[in-house]
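K.L.:
What follows is a predicted protein model with its sequence.
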Amino acid sequence: MARIDFHASSIEVARNLIGASVFIDGVGGRIVETEAYDESDPASHSFSGVTPRNAVMFGAPGRAYVYRSYGLHWCLNFVCMPAGHGAGVLIRALEPTRGIDLMRERRGLDDLRLLCSGPGRLGQALGVTHALNALRLDRKPFRLVPRAEDDLGRVASGTRIGLSKAKDLPWRFALAGSPFLSKPLRAG
DNA sequence: TGTATGATCGCCT
DNA sequence: GGCGATCATACAG
């Protein structure tokens, strides 16, 4: 995979992103956990149509969708599919590789495993804010690096986290055995 | 190791 | 008015 193609279903993109790396202003690491969402999915922000918050999900693929979770955390998503389908991938956890000192400072703790192991934590560590919403992922401040092919066999799937609807869809993807996951993978 | 709770805001009923 | 694509902290056992 020479580069990441966002003109695909959120499920394909979510799987392809495991093992890839994402950096914001040079700070970030290897993606070890993602979740797929789309317009047909009752758990998705896009399920009930366009609102000011989710409008970016219905626009061009390959852009960032940033939303505020529970009024306090910034969460990072990548928009995918042909434009207008309301599909996206939530980036849930990273293995930190670059800018670790800055991540520790932003998070106020040292433990490498807790820096980016969850969507809210990751957002804080990478300095994600609403200012990044709708920005292209192939331009500054973003940098994406596709995974090496030999990581393919380590991608596992399971059920998503923190949902009350569509709980049983196996749309969570993770690097099997990684110590940087937000929670252990549950079969699905 | 597990369960409860507060923080705090956009969107829905 | 209530409920989240969450997290840190405070407890109980």
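P.N.:
Great, that's in hand.
K.L.:
end-to-end on stretch A:107-124?
P.N.:
Stretch A:107-124 has its terminal residues 6 Å apart, counting by C-alpha to C-alpha, to the nearest Å.
K.L.:
Show me what counts as buried in it.
P.N.:
For stretch A:107-124, the neighbour count (16 or more other C-beta atoms under 10 Å) marks A:107, A:112, A:115-124 as buried. For the C-beta atoms, the positions are set from N, CA and C on the backbone; glycine is no exception.
K.L.:
Likewise for stretch A:143-155?
P.N.:
A:143-144, A:146-147, A:155.
K.L.:
Quickly name whichever of the residues you listed is closest to DNA strand C.
P.N.:
Among the buried residues of stretch A:143-155, A:Leu144 lies closest to DNA strand C (C-beta to the nearest atom of the strand), at 17.6 Å.
K.L.:
Need the contact partners of the helix or strand where the closest one lies.
P.N.:
Using DSSP states H and E, A:Leu144 sits within strand A:142-145. With contact meaning C-beta atoms under 8 Å, 6 or more residues apart in numbering, strand A:142-145 is reached by A:3-4, A:20-24, A:26, A:28, A:64, A:135-138.
K.L.:
For the residues you listed, which ChimeraX command selects only the ones that are buried?
P.N.:
Per 16+ other C-beta under 10 Å, the buried members of these correspond to this ChimeraX selection:
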select /A:4,20,21,22,23,24,28,64,135,137
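K.L.:
circling back to that earlier point, out of the buried residues of stretch A:107-124, who's nearest A:Leu90?
P.N.:
A:Pro119 (6.0 Å; C-beta to C-beta).
K.L.:
OK, contacts around that closest one?
P.N.:
Counting by C-beta under 8 Å, 6+ apart, the residues that A:Pro119 touches are A:69, A:73, A:75-76, A:90-93, A:182.
K.L.:
what's the nearest residue to it if we skip its chain neighbours?
P.N.:
Spatial nearest neighbour of A:Pro119, chain neighbours left out: A:Cys75 (4.3 Å); criterion: C-beta to C-beta, 6 or more residues apart in numbering.
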